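S.K.: My questions concern the predicted model and sequence given below.
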There are 2 protein chains.
Amino acid sequence: MSDEMSYHVDGDLVPADEATVSVDDRGFRYGDAAFETLRAYGGTVFGWQAHLERLEQTCTILSLDHGVSADELRTRIDETLAANDLADAYVRLSISRGVQPGKLTPQPTVDPTVVVYVTPLPRGGLEGEPVWDGPAAVEVVETRRIPDESIPAAAKTHNYLNGILARAELDPHADEALMCDFDGRLAEGATSNLWFVRDGTIHTPTTDGPVLPGITRAIVLELAREAGIPVHEGRYEPNDLMEADEAFLTNRTWEVRPIETLDDEPIGGGLVTERLARLYSEQVEESCYQ
Amino acid sequence: MSDEMSYHVDGDLVPADEATVSVDDRGFRYGDAAFETLRAYGGTVFGWQAHLERLEQTCTILSLDHGVSADELRTRIDETLAANDLADAYVRLSISRGVQPGKLTPQPTVDPTVVVYVTPLPRGGLEGEPVWDGPAAVEVVETRRIPDESIPAAAKTHNYLNGILARAELDPHADEALMCDFDGRLAEGATSNLWFVRDGTIHTPTTDGPVLPGITRAIVLELAREAGIPVHEGRYEPNDLMEADEAFLTNRTWEVRPIETLDDEPIGGGLVTERLARLYSEQVEESCYQ
């Protein structure tokens, strides 16, 4: 890999330090953009179809008819990985509504800005090292997850201040901020879905609440069901988590990451967490290396 | 004025088509930026001190310690107006948290990206033409204003999807979307504060709710009080607005703009609205032309 990375911006591969968008781009002005965080393992994008479907769901919610085909998006990702000689990578695909005349009201005709950003990310899991230094220290924060009636959580967008304000509340040693909804139920972390295990059953907040339908979340749900581990998607309060036997977080980057402490009280991973982490790694293995 | 505009980006005046930010800039990635919409009348920025105070309030909420002095910000605005030979202009001043290492969690050391965007905007009011073609058609939409516990409305940021989703609900002929809070009380328009007049008293939603403390709103409140017109800041339902004698919207661009229809039912401006619009224009006159 050369020292200088290349990104894909608006149809072209460009050096990272020339990868820019106009200050008039609605992605910059308003955070008016959809995005996906992906992983490439051994040169293969993991779960591409699921990412594509969620991206389209986001764009539907935003009324963002970008007009770029799935094949074209995939080509741009592959070109960016190849240009940087990357097999194991973090990939961010963003589609903004581009530049439109002055008004806030979105116009139906869109010249989107498509950005593919990549950075090396070694494989975790069975054969590699996890990207996190250790299990997570999490805290329940005061910031409340934005309700679906304001911005649907199913849309993965560049409006991330809710999570940033949540993270800004953390003590310096903590990694992730857990937000509750307006009924006081646990929703999700700023960049992760939440899970806990009690009496052998796996629990995770339902996406009926303001919870991003994580791709990793969907895979872990399926893996647990296939393994015959009881799973319940429900509504939980912080006390339910405090009384858990095990707890963990999931997202594309962290995969399955144990929660060491909640508000400085120990929880930890355990046998179920470890089993799911192993099953997840095997899934990566099967999908990307065979 | 030349055909090509210049904007001020990161300390330099640059041609508009070269005015860009990095795709890594947190303003693009997360909408992690504060901004102000200002007007220049006759070469003078109107209400600069009030804008400066609100900008600092936004930055405090975002923990964004940008380190750029008030004098420096003002200098960049004045330089941008001068470079474009503009006396009457719309001005947008944005300060993003700039580029930081990969994490969502904001780092305390900030190299901010400061952007000054300008565009010609002829004076409305006493001597000019209003920027709007006619009174506003407004609709109460389903999208709810983000609660303060998720993102405080007092912060004016680049996270604007809440307003964009509200605007996207509008019928094509409508101008502005009115959002309610989660108690069903009217909060504000996507880019404007709401006012109505009933039995000689002016009403506007209180900023105790999720309502941006508009600079124009503050000026109109003060003008009404000075003129001895009774003013009440309260919590109102759409029905209260429907029964109003007059109604109008305020923001920096529209100044005082009558509401012609609410959900296609006529309301209209009237004597109080006209008086406030005149008083506002006189204030502009006094502040910027003497």
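M.R.: The structure has been received and is ready for your questions. Residues are numbered from 1 along each chain as shown, chains lettered A, B, ... in the order given.
S.K.: Near the residue of the stretch 101-250 of chain A found nearest chain B, how many residues? Count them for me, please.
M.R.: Closest residue of the stretch 101-250 of chain A to chain B, Cβ to the nearest Cβ: A:Tyr160 (3.7 Å). Every C-beta, even on glycine, is put in place using the N, C-alpha and C of the backbone. Counted by other Cβ atoms under 10 Å in any protein chain shown, the residues lying close to A:Tyr160 total 21.
S.K.: Distance of it relative to A:Pro130?
M.R.: 24 Å (Cβ to Cβ, to the nearest Å).
S.K.: sorry, back to before: how about the residue of the stretch 101-250 of chain A closest to chain B: what's its closest non-neighbour residue?
M.R.: B:Tyr30 (3.7 Å; Cβ to Cβ, 6 or more residues apart in numbering or on different chains).
S.K.: which residues touch the one helix or strand A:Ile202 maps to?
M.R.: Here A:Ile202 sits within strand A:201-205, counting by DSSP states H and E. With Cβ atoms under 8 Å, 6 or more residues apart in numbering or on different chains as the contact definition, strand A:201-205 has outside contacts at A:185-188, A:193-197, A:211, A:217, A:221, A:224, A:229-236, A:240, A:244, A:272, A:276.
S.K.: Repeat the analysis, applying 6 Å as the threshold.
M.R.: With contacts defined as Cβ atoms under 6 Å, 6 or more residues apart in numbering or on different chains, strand A:201-205 is touched by A:186-187, A:195-196, A:211, A:224, A:229-233.
S.K.: Now it: buried residues?
M.R.: A:202-205 (16 or more other Cβ atoms under 10 Å in any protein chain shown).
S.K.: all helices of the stretch 101-250 of chain A, in order?
M.R.: Counting by DSSP state H, counting those that start in this stretch, the stretch 101-250 of chain A has helices at residues A:161-168, A:215-226, A:238-242.
S.K.: name the helices or strands packed onto the first one?
M.R.: Other elements packing on helix A:161-168 under the criterion 3 or more Cβ pairs under 6 Å, 6 or more residues apart in numbering or on different chains; DSSP states H and E are strand A:136-144, strand A:176-180.
S.K.: Mean confidence (pLDDT) on the first one, please.
M.R.: Along strand A:136-144, the predicted local confidence has a mean pLDDT of 98.
S.K.: list the buried ones in that strand?
M.R.: In strand A:136-144, counting by 16+ other Cβ under 10 Å, buried: A:136-141, A:143-144.
S.K.: ok, residues contacting it?
M.R.: Contacts for strand A:136-144 (Cβ under 6 Å, 6+ apart): A:165-166, A:169-170, A:173-179, A:182, A:238, A:249, A:257, A:259-263, B:149-150.
S.K.: cutoff 8 Å now
M.R.: For strand A:136-144, contacts defined as Cβ under 8 Å, 6+ apart pick out A:162, A:165-166, A:169-171, A:173-182, A:186, A:189, A:238, A:249, A:254, A:257-264, B:147, B:149-150.
S.K.: Pull out the buried residues from those residues.
M.R.: Using 16+ other Cβ under 10 Å, the buried ones in these are A:162, A:165-166, A:169-170, A:174-182, A:186, A:189, A:249, A:254, A:257-263, B:147, B:149-150.
S.K.: Find the closest residue to chain B in the stretch 1-150 of chain A.
M.R.: A:Gly31 (2.7 Å).
S.K.: how many other residues sit next to that residue?
M.R.: Residues near A:Gly31, counting by other Cβ under 10 Å, number 26.
S.K.: and it, what does it touch?
M.R.: A:157-160, B:30-31, B:158-161.
S.K.: just A:Thr44 next, same as before
M.R.: A:287-289 are the contacts of A:Thr44 under Cβ under 8 Å, 6+ apart.
S.K.: Bridging across strands, which residues link to the residue nearest to A:Gly11 when sequence neighbours are not counted?
M.R.: Of all residues not flanking A:Gly11 in the chain, A:Val114 sits nearest, at 7.2 Å (Cβ to Cβ, 6+ apart). On the basis of DSSP bridges, A:Val114 is bridged to A:Ile95.
S.K.: Repeat that for A:Ala177.
M.R.: The partner residues for A:Ala177, given DSSP bridges, come to A:Glu139.
S.K.: pretty sure it is touching A:Leu170, no?
M.R.: Yes. Between A:Ala177 and A:Leu170 there is a contact under Cβ atoms under 8 Å: 5.4 Å.
S.K.: Could you report the neighbour count for A:Glu79?
M.R.: 15.
S.K.: Next one: it from A:Glu4, what distance?
M.R.: A:Glu79 sits 16 Å away from A:Glu4, going by Cβ to Cβ.
S.K.: likewise A:Pro106?
M.R.: When A:Pro106 is compared with A:Glu4 (using Cβ to Cβ), they lie 35 Å apart.
S.K.: Have a look at the two and say which one is more surrounded.
M.R.: A:Pro106 (20 against 10).
S.K.: For that one, report the pLDDT, please.
M.R.: pLDDT at A:Pro106 comes out at 95.
S.K.: How about the one 4 residues further on?
M.R.: A:Val110 is assigned a pLDDT of 94 by the prediction.
S.K.: Contact partners for it?
M.R.: By Cβ under 8 Å, 6+ apart, the residues touching A:Val110 are A:64-67, A:97-98, A:100.
S.K.: Run through the residues that contact the residue nearest to A:Phe196 when sequence neighbours are not counted.
M.R.: Nearest residue to A:Phe196, sequence neighbours excluded (Cβ to Cβ, 6+ apart): A:Ala244, at 3.7 Å. Taking Cβ under 8 Å, 6+ apart, we find A:Ala244 in contact with A:196-198, A:203, A:267.
S.K.: List phi and psi for A:Ala244.
M.R.: As for A:Ala244, its main-chain torsions (degrees, to the nearest 10) stand at phi -70, psi 160.
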